[in-house]
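**Student:** Below: sequence and its predicted model.
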Amino acid sequence: MSDLVATLRDGRRREREQAFFYRILAGDAEAASDQAAADRLNGLLADEQHHVSRLTARLLELGERPTDESSSLVVPSLRDWESVAKVREEDEVRWYEAALHRVEDEDTVAVLREILASERHHREQLAGKWMPAGSASPPEKTPETP
């Protein structure tokens, strides 16, 4: 397996875990009738699902067959979700920044940059819906985008 494919598979696995994390919490918020938290968590969930879709599509374009691993993720209580999510989102930002230094394929770099921009918003605001509906042209480089 190439380093590019390994990076995409790892990113996809991470995003599936993030989606699972937010899916459980969104359900908990809805069950608790906490509409504000449910809205934020569903927005985050939507973005994470979009990340999974983008990484899956890139793997398919490369002729790969994505695999789904099981997760043993422990999801915190609704009361504690923000502190745990903040740490998880910071980890996501670091992972994508590092991945961009490992990947040279232009099409993959564009996908990773798009996801990194979304993850930076998640880290700063713990809210979602930062992903464009379709494939966007690669964003221009900023001082903090490698």
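**Tutor:** Looks like it came in fine.

**Student:** Helices of the protein, start to end?
**Tutor:** Taking DSSP state H, the helices of the chain run over residues 3-31, 35-61, 81-102, 106-125.

**Student:** Would you tell me which of those gets closest to residue 71?
**Tutor:** Closest approach to residue 71 among these is made by helix 3-31 (5.2 Å; CB to CB). Any C-beta I mention is one placed from the backbone N, CA and C, and that applies to glycine too.

**Student:** And the average pLDDT for the closest one is what?
**Tutor:** Averaging pLDDT along helix 3-31 gives 96.

**Student:** Now that helix: buried residues?
**Tutor:** 4, 7-9, 11-19, 21-29 (16 or more other CB atoms under 10 Å).

**Student:** Stretch 40-58 now?
**Tutor:** Quick answer for stretch 40-58 (16+ other CB under 10 Å): 40-52, 54-56, 58.

**Student:** Residue 66 contacts residue 11, doesn't it?
**Tutor:** No: in this structure residue 66 lies outside contact range of residue 11 using CB atoms under 8 Å: 11.0 Å.

**Student:** Can you name the residues in contact with stretch 59-77?
**Tutor:** 4-5, 8-9, 12-13, 16-17, 20-21, 24-25, 28, 56, 84, 107 (CB atoms under 8 Å, 6 or more residues apart in numbering).

**Student:** same check, this time on stretch 3-14
**Tutor:** Contacts for stretch 3-14 (CB under 8 Å, 6+ apart): 1, 51-52, 55-56, 58-59, 62, 64, 66-67, 69, 92, 95-96, 99, 102-103, 105, 108, 112, 115.

**Student:** now do stretch 37-47
**Tutor:** Contacts for stretch 37-47 (CB under 8 Å, 6+ apart): 19, 22-23, 25-26, 29-30, 78, 81, 85, 118, 122, 126-131.

**Student:** Could you check how far residue 127 is from residue 45?
**Tutor:** Going from residue 127 to residue 45 by CB to CB, to the nearest Å gives 11 Å.
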